[in-house]
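**Q** With the input below, show me the fold.
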Amino acid sequence: MTAHDKPILVTGATGKQGGATARRLLDEGRAVRAMVRDPASAAARALAEAGAALVRADFDRPETLADAVAGVGGVFAVPPAAFRPDGWDVDLEAERGERLIEAARGAGVEHVVFTSIATTTGPTIPGTAGKERIEAALRGSGMRHTVLRPVRFMENYLFTDTPVDGIHGGVHRHLFRADRPMQVIAVADIAVFAALAFADPDRYDGETLELAGDAPTPVEAAAAVGAAIGAEVRYERVTAEEAKALGEEIVQTWELHEAGHAWKADIPALRRLHPGLRTLEDWLAEGGADAIGRR
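**A** Below is the predicted model:
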């Protein structure tokens, strides 16, 4: 069996990035092993119906990871973030990723694609330290690897229960300055770049890709969403005082944007790798607008 014939383990398979990647790989004819905690869940059953083989494993039960990675040729790694009442649990998030990397290394996995978080032109965004530790562990593992760093998801417009993001009463509220470009990406395009890396591991070995597909200002994005759903949507920036009430990490992120720092993906270069890279208007036309309207 060649490396290409071996299945790819997709972690986070019932989530946004993992689910999109599993389906993209299946569409390309790759064998997929989907790591799930509950094989009986609706999302897990849908993956099985699509052709994925399910494996029950949990990042917080390290003894289950060995079976998950046994015999696979690649791993799509999305270690779940962890939160405490006072913010990110950096140590737990990092430990989850490090356990998976160690299990993959021990099983002789040929290639790991890790989805991290985008970096900015300025200071580190709060909450990224866990992902930085996972990236460092991956670089030191000796395995072929690719790191994807996506920006804000277009799918975040679908949020309904968060104080920041989503659309509430025709208003999209966020931390971004209204007059600055805001890079965004469709989750389906993250899956495309993961599939590209698995299809050509030599080409993408050691690569780190900052991922975005479009860069409208928040005001332009709100107008595009409104036009697509046939209702007025306006952008409103969270004030400094409101950010303080939401916690120190939110304040730091607000201040980073206030200082003019932003994500730095090279969208034209990415489009050369993936000519179908979606703009926000593409995503809205492909079903995003309908999904927003249903909410």
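**Q** And the strands in the protein?
**A** 8-10, 32-36, 53-56, 74-77, 83-84, 87-88, 111-115, 144-150, 152-153, 171-174, 184-185, 208-211, 234-237 (DSSP state E).
**Q** Among those strands, which comes closest to Leu273?
**A** strand 208-211 (8.2 Å; C-beta to C-beta). In short, each C-beta sits where N, CA and C put it, glycine included.
**Q** taking the strands of the chain together, which one is wrapped up most tightly?
**A** Comparing these by mean neighbour count (mean count of other C-beta atoms under 10 Å), strand 8-10 comes out on top with a mean of 31.
**Q** in the stretch 51-200 of the chain, which spans are helices?
**A** 65-69, 90-106, 129-139, 187-199 (DSSP state H, counting those that start in this stretch).
**Q** So which of the ones you listed is the most surrounded?
**A** Most buried of these, by mean neighbour count (mean count of other C-beta under 10 Å): helix 187-199, with a mean of 23.
**Q** Show me what it packs onto, helices and strands only.
**A** With contacts defined as 3 or more C-beta pairs under 8 Å, 6 or more residues apart in numbering; DSSP states H and E, helix 187-199 has these neighbours: helix 16-27, strand 74-77, strand 111-115, strand 144-150, strand 208-211, helix 267-273.
**Q** now these in a markdown table, with mean pLDDT and distance to Arg56?
**A** Converted to a markdown table, these look like this (pLDDT from 0 to 100; distance: least, C-beta to C-beta, whole Å):
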| stretch | mean pLDDT | distance to Arg56 |
| --- | --- | --- |
| helix 16-27 | 98 | 15 |
| strand 74-77 | 98 | 16 |
| strand 111-115 | 98 | 21 |
| strand 144-150 | 98 | 25 |
| strand 208-211 | 98 | 30 |
| helix 267-273 | 98 | 35 |
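**Q** Out of those, which gets nearest to Pro201?
**A** Once these are compared by C-beta to C-beta, strand 111-115 is nearest, at 4.3 Å.
**Q** contact partners of the closest one?
**A** 3, 17, 73-78, 97, 101, 104, 134-135, 138, 141, 143-150, 190, 194, 197-198, 201, 205 (C-beta atoms under 8 Å, 6 or more residues apart in numbering).
**Q** I'd assumed Ala186 was in contact with Glu155.
**A** Yes - contact criterion C-beta atoms under 8 Å: Glu155 and Ala186 qualify, at 7.4 Å.
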